[in-house]
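Asker: Return a 3D structure for these sequence lines:
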Amino acid sequence: MLRLDEIARLVGGKLDGPPDLVITGAAPVDQAGPGDITFAAEKRYFEAARTSAAACVIVPEDAPELERPTIRVASPRLAWAQVLEALAPKPQHPVGIHESAVVAEDARIGKNVSIQANVVVGPRAVIGDGVVLCPGVFVGADCVIGDGSLLYPNVTVMDRVTIGKSVIIHAGAVIGSDGFGYVTVNGTHRKVPHIGTVLIEDNVEIGANVTVDRGVCGATRIGRGTKIDNLVQIGHNVEIGEDCLVVAMSGIAGSARIGNRVTLAGQSGVAGHLTVGDGCVVAARGLVARDLAPNSFVSGFPARPHRENMRVIAATHKLPEALESLAALKRQLTQLQERLERLEEDLPAPGELR
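Answerer: Next up is the predicted model:
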C-alpha cells in the first residue's frame, strides 16, 4: 500500500488530489477499482480515465482536467512501471542450498545464494553473490553466473557459458546448446562440432523457452541491457549489441551481427552472416535478407524500407481490380483483332483495284 503523496514523490510527478489517499493496487483504466491507480498515456484514453472507477490516474503533464485525482508526469509509461515495481510483492527465495541440489565439490558458490530443489551445478562453475537458481536449473561445467542473476525453473546452461550480473532468464530457456551446423558429403550430413561458448552481458533479460546456441568457435554474444522475449531462436556466433529488443518468435541465423538499440518485432527474422546497423527497426514478420544501414525502418518479406513496403501492400490490394481491367482490355483487343481480320477479308485483292 502507498499513499498518493508517496507515489508522486516516487515518480517525480505533480499531485492533484488528497495526499493521504491510500492506493492498494494497480489496474488497467477500464478495470481499475476504487483502491487502484491507473494511467492514461495518450489522448484516446483520457475519456476512459475520466469515467474510470480508479482512485487516481497518472497522466501526461499537458493532459486536460479529468475532474479526479491525477499525478502529472513527463512519461506516464515510465511512472507506471515505477509504481508497479513499488506495489509488486517481493519474491521470497530461501537463502542456502537445498538438500536435493547436486553441487560439484569444486564449484565456487558466492554469498547469500539460493540454490533450490533439484538444481545441478557442475564442476568448476562459479556462482556469484545473491544468485537465485530456481528448482530444476542445470548449470554445466566451467560456467560463470554473475552476481544478482536469477534463473527461473528448468533453465539449462550448458558447459563453459558466461552470464553477467543481474541477468534474468525465464523458465525453460536453453543457453549454450550446439548450433545447427552440418557438412553434407555424398548426401550424408556430418555434424560440425561447436567448441565455442555463449557470453551474456549484464542486465540482460531472456524470456521463456528461448534458445541461444553456442559458437562453432568463439562466442555467441548478447550485449548489455538487451531484452529478449519468449520463444526466440539465436543461432551460433550471433552478436547482438546493447539495449536491443527481440520480440517473441523471432529468429536470428548464424553469424548475424545486430547493432545497438535494434528492435526486431514479433516473428521477424535475420538471415545468416548479415549486419543490422545500430538503431534499426524490423517490423513484425519482416525478413532481413540483406545488410541494413543504421537507423533503417523496414518491413515485409523480404524486408524493404517500410514506406516502400506499404506502397507495395497498397498496390497488392488493387490487384483484383487491375486484373479485371486487364481482362476487359484483352477482350477489347480480341474484338478489335477480329474486326480487323474481317475488314481485311472484305478488301478487294490488289488486282481488282484497277
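Asker: ok, which stretches of the stretch 51-200 of the chain are helices?
Answerer: Residue ranges of the helices in the stretch 51-200 of the chain, as given by DSSP state H, counting those that start in this stretch, are 76-87.
Asker: Sketch out the low-pLDDT regions of it for me.
Answerer: For the stretch 51-200 of the chain, no stretch has pLDDT under 70.
Asker: Also the stretch 201-350 of the chain?
Answerer: Applying pLDDT under 70 to the stretch 201-350 of the chain flags the ranges 350.
Asker: Now do the same contact list for the residue nearest to residue 303 when sequence neighbours are not counted.
Answerer: Leaving out its chain neighbours, the residue that sits closest to residue 303 by CB to CB, 6 or more residues apart in numbering is residue 286, at 4.1 Å. For glycine as for every other residue, the C-beta is placed from the backbone atoms N, C-alpha and C. Applying CB atoms under 8 Å, 6 or more residues apart in numbering, one finds that residue 286 lies in contact with 265, 268, 269, 298, 299, 300, 301, 303.
Asker: From these, list just the buried residues.
Answerer: With neighbours counted by 16 or more other CB atoms under 10 Å, the contacts of residue 286 contain buried members at 265, 268, 269, 298, 299, 300, 303.
Asker: gap between the residue nearest to residue 303 and residue 209?
Answerer: Counting by CB to CB, to the nearest Å, the gap from residue 286 to residue 209 is 22 Å.
Asker: now do residue 246
Answerer: Applying CB to CB to residue 246 and residue 209 gives a distance of 14 Å.
Asker: repeat for residue 15
Answerer: Going from residue 15 to residue 209 by CB to CB gives 42 Å.
Asker: ditto for residue 249
Answerer: Taking CB to CB as the measure, residue 249 falls 10 Å from residue 209.
Asker: most centrally placed residue in the chain?
Answerer: Centre of the chain computed as the mean C-alpha position; nearest residue by CA atoms, centre = their mean is residue 247, 2.0 Å away.
Asker: quick one: contacts for that residue?
Answerer: Contacts of residue 247 (CB under 8 Å, 6+ apart): 229, 232, 263, 264, 265, 266, 268, 284.
Asker: Look up phi and psi at the third one.
Answerer: Main-chain dihedrals, residue 263, degrees, to the nearest 10: phi -120, psi 120.
Asker: partners of it in the sheet?
Answerer: Beta-bridge pairing for residue 263 (DSSP bridges): residue 245, residue 281.
Asker: Which residues are in contact with it?
Answerer: Neighbouring residues of residue 263 by CB under 8 Å, 6+ apart: 244, 245, 247, 280, 281, 282.
Asker: Most neighbours among the residues you listed, which one is it?
Answerer: residue 282 (28 neighbours; other CB atoms under 10 Å).
Asker: Spit out the contact partners of that residue.
Answerer: Residue 282 neighbours (CB under 8 Å, 6+ apart): 262, 263, 264, 265, 268, 270, 276, 288, 292, 298, 299, 303.
Asker: That one and residue 332: what is the separation?
Answerer: To residue 332, residue 282 is 45 Å away according to CB to CB.
Asker: looking at it, residue 40 is touching residue 63, isn't it?
Answerer: Yes - here residue 40 reaches residue 63: they are 7.1 Å apart, a contact under CB atoms under 8 Å.
Asker: Return every residue with contacts to both of those two.
Answerer: By CB under 8 Å, 6+ apart, the residues touching both residue 40 and residue 63 are residue 46.
Asker: The two: who's more crowded?
Answerer: Legend: neighbour count by other CB under 10 Å for residue 40 and residue 63, higher for residue 40 (24 against 20).
Asker: Now stretch 268-287: buried residues?
Answerer: Buried residues in stretch 268-287, defined by neighbour count with 16+ other CB under 10 Å: 268-271, 274-283, 285-287.
Asker: And the spatially closest residue to residue 124 that is not a sequence neighbour, how far from residue 222?
Answerer: Leaving aside its sequence neighbours, residue 124 sits nearest to residue 142 (CB to CB, 6+ apart; 5.0 Å). When distance is defined by CB to CB, residue 142 is 19 Å away from residue 222.
Asker: With neighbour numbers in mind, choose between the two.
Answerer: residue 222 (29 against 16).
Asker: re earlier: I figured the residue nearest to residue 124 was touching residue 121, is that so?
Answerer: No - counting by CB under 8 Å, residue 142 sits too far from residue 121 to count as a contact (11.3 Å).
Asker: Among the contacts of residue 247, which lie within strands?
Answerer: Judged by DSSP state E, the subset of these located in strands is 263, 264.
Asker: quick check, nearest of the contacts of residue 247 to residue 178?
Answerer: residue 232 (17.4 Å; CB to CB).
Asker: hmm, back to that, kindly reformat the buried ones among the contacts of residue 286 as CSV containing distance to residue 204.
Answerer: What follows is these, written out as CSV (distance: CB to CB, whole Å):
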residue, distance to residue 204
265, 19
268, 19
269, 21
298, 25
299, 26
300, 29
303, 25
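Asker: sorry, back to before: name the residues contacting each of residue 249 and residue 209.
Answerer: In contact with both residue 249 and residue 209: 230, 231, using CB under 8 Å, 6+ apart.
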